[in-house]
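Undergrad: dropping a prediction and its sequence here:
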Amino acid sequence: MTTSSSERGVSLGMPELPAPAYPDDVRARLEADAREIIARYPDSRSALLPLLHLVQSEEGHVTRTGMQFCADVLGLTTAEVTAVATFYTMYRRRPSGDYQVGVCTNTLCAVMGGDAIFSELQEHLGVGNGETTDDGKVTLEHIECNAACDFAPVVMVNWEFFDNQTPASAKRMVDDLRAGRPVEPTRGAPLCTFKETARILAGFPDERPGAVEASGGAGPASLVGLRLARGETAPARVVHPREGASQDRDVHEPSPSEHLSSHDAPQDTSASDPAHPAGPAAEEGE
């Protein structure tokens, strides 16, 4: 049995028209930025990745107009630009929200509750993977790894970390984003919109007061191995006994520096998966 071209999703109509140009004032501004970016590289085509972030900062996603602009200023074909823009998942190919909420569903985060968080956020927001809420505020997506396994399950908003999340804390966080209430990452710079984030990724400075100083680095759990390698005394483990667990051991309560986020969930992340509660973490050497 054969299928028609329309059933296969193949269009045999008129070829796609050329991408519309940016308005003159927008193009002039982007060309000035592009020259600054290109000057950083000995080979101009090496500037393609930051240039794609630049055009993404203009419209919130990489449009055909943006890809044509990149091709023009770098002397590339649109096919070469498209090949790069479609390879990297940080480049959006369709309109998206002010806040990209990415839930890690890779192995560790998934078993610690990432799958439950993603499922409940889909229902709570009424969107599917890669879809945006009607108010244009939040785009939800699952991502393969946030490179923060020490704090699983992890959610990222515009590439800033929200550690040790639960379905309840994640829902509260997206509700606050949609309502315009302050939302602070667990680690890193204060949140800004996705367009603003894209411009920073293009290589332009974050000019918000205190943002650079707040960028920080790895969280305390990620630095344990480095401290041990330096011969430093191992820090106390953060242990939160679950209900019914033995209370005989001392429990280290996190200091303010260990919980910097107004939306940081408690370490008791087994709440993400009530059917599989976990006991308290064992101390070193037990």
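TA: Arrived safely, thanks for sending.

Undergrad: next, name the residue at the spatial heart of this structure.
TA: With distances taken as Cα atoms, centre = their mean, W159 lies nearest the centre of the chain, 3.2 Å away.

Undergrad: and for the nearest residue to it once chain neighbours are set aside, the neighbour number?
TA: Of all residues not flanking W159 in the chain, T197 sits nearest, at 6.3 Å (Cβ to Cβ, 6 or more residues apart in numbering). Any C-beta I mention is one placed from the backbone N, CA and C, and that applies to glycine too. Residue crowding around T197 was assessed by other Cβ atoms under 10 Å; the count is 24.

Undergrad: S96 in helix, strand or coil?
TA: Three-state assignment for S96 (DSSP: H, G, I helix; E, B strand; the rest coil): coil.

Undergrad: ok, it to L108 distance?
TA: As judged by Cβ to Cβ, to the nearest Å, S96 and L108 stand 27 Å apart.

Undergrad: distance of A83 from M90?
TA: According to Cβ to Cβ, A83 and M90 sit 15 Å apart.

Undergrad: between these two, who's got more neighbours?
TA: Using other Cβ under 10 Å as the criterion, A83 and M90 rank with M90 on top: 14 against 11.

Undergrad: circling back to that earlier point, confirm that the residue nearest to W159 sits in a strand.
TA: No - residue assignment for T197, taken from three-state DSSP, gives helix, which places it outside any strand.

Undergrad: could you give the average pLDDT over the one helix or strand L48 maps to?
TA: Assigned by DSSP states H and E, L48 belongs to helix 48-59. Here the mean pLDDT over helix 48-59 is 95, rounded to a whole number.

Undergrad: packing partners for it?
TA: Applying 3 or more Cβ pairs under 8 Å, 6 or more residues apart in numbering; DSSP states H and E, one finds that helix 48-59 contacts helix 24-38, helix 64-74, helix 78-85, helix 194-201.

Undergrad: what lies in contact with that helix?
TA: 22, 26, 30, 33-34, 37-38, 62-63, 65-67, 69-70, 73-74, 76, 81, 84-85, 88, 90-92, 95, 195-196, 198-199, 201-203 (Cβ atoms under 8 Å, 6 or more residues apart in numbering).

Undergrad: show me how to select, in PyMOL, the buried members of those.
TA: The following PyMOL command selects only the buried members of these, with burial defined by 16 or more other Cβ atoms under 10 Å:
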select buried, resi 22+30+33+34+37+38+62+63+65+66+67+69+70+73+74+76+81+84+85+91+92+195+196+198+199+201+202+203
